[in-house]
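# all I have is the shape, not the residue letters:
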């Protein structure tokens, strides 16, 4: 995969894969294929189609959106704290608090997205400024900035690689049958889950999915670990919060510690705020919107990478660009576009060139769509819950599109079925590297 971009710790998808791996793993770089979606277009062709300024963060626009978000979020919080308690009708007051939590949750997710931009070097051209702003924003939203940044980079490098990806790696048919306790020949005879059970599983995923991922690295594979000699301690052995976690290189321990300090400072700040305004106010003003933040982070990531028509790849067939384009753009409405900065609307381009700032993502997407053709995936017509229901019921495990073909010549596609047992630790899905 060719490119003229300079290799840095914050530019991860515009340089050769072998250089990326060397940047942050403690073992020698692995040579993996980098370059084509099909026989016509390479990563360099896609880059050439995008205006150069799209790759250069604008200090004006980055700070404009940051300041705007801070003003909107603080105004919502002040207005809710000042005026909602004055509503005398209990039902109306409850509705007002619920509306505040939802809107503030989307706006706080927008601030989280800006922190995510910092982690990719898309906020500014200064790495120190990126990391400072990202640490502040993510810590304030109970996300360990450097820890998540490290694992998230590996997700971008190995997106949709069944052996090495971090996010929502599905089991193959045999593993799924084992999880369900049935023989392969009876797998497709199983009855679907009841709608109530499916709904309950979705709510559980959306409520605790992100903190549990941070704690135990669920939905990832053994190949996602940077340290090939993982500690035995459970569940923190693969946690984003432990400086000696198998997720990280030994030399990253101080960054993981800095991430934990940020979380601790936020927790202390919330406790102190509760002594001033009361614990109920903190729960309503911060915790309730934060639950929505958690929901949106999980939903956005899940829907980006889980769709019946979007493939996964075995290591023999995987290339960087095939993995990057095996994601799908979604439409989350007004809030997704204006409060959460198009994080779902234009995610394919983010996987190909992750340093492009969010305010250039639409333009860059439109520039490469003619080249990608059928390799570009989008589902923007249906409702959020319609998309969620389809992915949750029709995407349980993957099978090869051509079982008779060699692994390097096939893709893996989702099949539907009942939900497997709840995942509580890493390594249930995907391929295990020996």
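Here it is on my side, so go on. This structure is a prediction, so every number in the text was calculated from the model and none was measured.
# output the below-cut-off pLDDT ranges for the protein.
Along the chain, segments meeting pLDDT under 70 span 1-39, 228-235, 429-434.
# swap in 80 and give it another go.
Confidence mapping of the chain against pLDDT under 80 gives the ranges 1-40, 185, 188-189, 227-237, 425-434.
# longest single helix anywhere in it?
The longest helix of the chain (DSSP state H) is helix 90-119.
# which strands or helices does that one pack on?
Packing partners of helix 90-119 (3 or more Cβ pairs under 8 Å, 6 or more residues apart in numbering; DSSP states H and E): helix 59-83, helix 127-140, helix 145-157, helix 288-305. (Glycine included, C-beta is placed from N, CA and C.)
# closest one to residue 193 among those helices?
With distances scored as Cβ to Cβ, the stretch of those nearest to residue 193 is helix 288-305 (17.1 Å).
# which other residues reach the closest one?
Residues from elsewhere that reach helix 288-305 (Cβ atoms under 8 Å, 6 or more residues apart in numbering): 97, 100-102, 104-109, 112, 141-142, 159-160, 167-168, 205-211, 326-328, 330, 332, 340, 343-344, 347, 384, 387-388, 391.
# weed out the non-buried ones from the residues you listed.
Burial by neighbour count, 16 or more other Cβ atoms under 10 Å: within the contacts of helix 288-305 this picks out 97, 100-101, 104-109, 112, 141-142, 159-160, 167-168, 205-206, 209-210, 326-328, 330, 332, 340, 343-344, 347, 387-388, 391.
# coming back round to it: and of the helices and strands packed on helix 90-119, who's closest to residue 274?
helix 59-83 (13.2 Å).
# show me how far the closest one is from its chain's centre.
24 Å (Cα atoms, centre = their mean, to the nearest Å).
# angle of that helix against helix 288-305?
140 degrees (axes from the mean of the first three to the mean of the last three Cα atoms, to 10 degrees).
# change the start of the numbering to 393 and stick with it
Sure, I'll start counting at 393 from here, so that last one is helix 451-475.
# run through who's touching helix 451-475.
488-489, 492, 495-496, 499-500, 502-503, 506, 509, 515-516, 525, 669, 673, 676-677, 731, 733, 749-751.
# mind listing what's buried in it?
In helix 451-475, counting by 16+ other Cβ under 10 Å, buried: 454, 457, 458, 461, 464, 465, 468, 469, 472.
# could you look up the SS state of the residue of the chain most remote from its centre?
The outermost residue of the chain relative to its centre, with distances by Cα atoms, centre = their mean, is residue 480 at 41.1 Å. What DSSP: H, G, I helix; E, B strand; the rest coil gives for residue 480 is coil.
# how near is the residue minimising distance to the centre of the chain to residue 779?
Nearest to the mean C-alpha position of the chain, counting by Cα atoms, centre = their mean, stands residue 693 at 4.1 Å. Going from residue 693 to residue 779 by Cβ to Cβ, to the nearest Å gives 13 Å.
# and if you look at residue 619?
Counting by Cβ to Cβ - residue 619 and residue 779 are separated by 36 Å.
# got it, and residue 754?
Taking Cβ to Cβ, one finds residue 754 at 20 Å from residue 779.
# surely residue 740 and residue 721 touch.
Yes - the criterion here is Cβ atoms under 8 Å, and residue 740 meets it with residue 721 at 5.5 Å.
# okay, and the common contacts of the two?
757, 769, 770.
# and the first one, what is it in contact with?
By Cβ under 8 Å, 6+ apart, the contact set of residue 757 is 721, 738, 740, 741.
# strands - which of the residues you listed land there?
The strands, defined by DSSP state E, take in residue 721 from those.
# kindly indicate the member of the contacts of residue 757 with the most neighbours.
Counting neighbours by other Cβ atoms under 10 Å, residue 741 leads the contacts of residue 757 with 29 neighbours.
# secondary structure element holding residue 645?
For residue 645, the element it lies in under DSSP states H and E is helix 645-669.
# returning to that earlier point: pull the distance from the longest helix of the chain to the chain's centre.
18 Å.
# same check, this time on stretch 664-673
32 Å.
# that stretch: which residues count as buried?
Buried residues in stretch 664-673 (16+ other Cβ under 10 Å): residue 673.
# what lies in contact with it?
Outside stretch 664-673, the residues touching it (Cβ under 8 Å, 6+ apart) are 473, 674, 677, 678.
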